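Colleague: Task: produce atomic coordinates for the following.
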Amino acid sequence: MFITLIDLAEAGDRLAAGEQAYEYQTDNKSLRILGPACGFGAEYLRRLREEGLYAETLKEAIAHAQSRNVTLTGVWFVKR
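Modeller: I've put the predicted structure just below:
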């Protein structure tokens, strides 16, 4: 597995092309917002989503980050 951090401006093109985020990077290193490529089970992801720690889309990730007064800075993508 190879994980790469892509700047937020460039990540939009990759997401639009169908790549899925593994994790959304924030300017607060202790806050992790996982994405659909993380591979965790549906029930666990449902709980994380309710806590604002999982997002299906970039728009949703931005909303979760803003609710915590942090900024998204990039997106982690995974190649298996």
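Colleague: show me where this structure has strands.
Modeller: Here the chain has its strands, by DSSP state E, at 2-7, 23-26, 33-34, 72-79.
Colleague: What residues sit buried inside the lowest-mean-pLDDT helix or strand in the chain?
Modeller: Here the helix or strand of the chain ranked lowest by mean pLDDT, DSSP states H and E is helix 8-16, holding a mean of 93. Within helix 8-16, the residues that qualify as buried are L8, A11, L15, counting by 16 or more other Cβ atoms under 10 Å. Glycine gets a C-beta too; all of them are placed from N, C-alpha and C.
Colleague: Let's have the strands of the chain in a markdown table, adding distance to L58.
Modeller: Output for these, formatted as a markdown table (distance: least, Cβ to Cβ, whole Å):
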| stretch | distance to L58 |
| --- | --- |
| strand 2-7 | 12 |
| strand 23-26 | 8 |
| strand 33-34 | 10 |
| strand 72-79 | 7 |
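Colleague: out of those, nearest to H64?
Modeller: Nearest to H64 among these is strand 33-34 (5.5 Å), distances taken as Cβ to Cβ.
Colleague: Alright, I will stop here.
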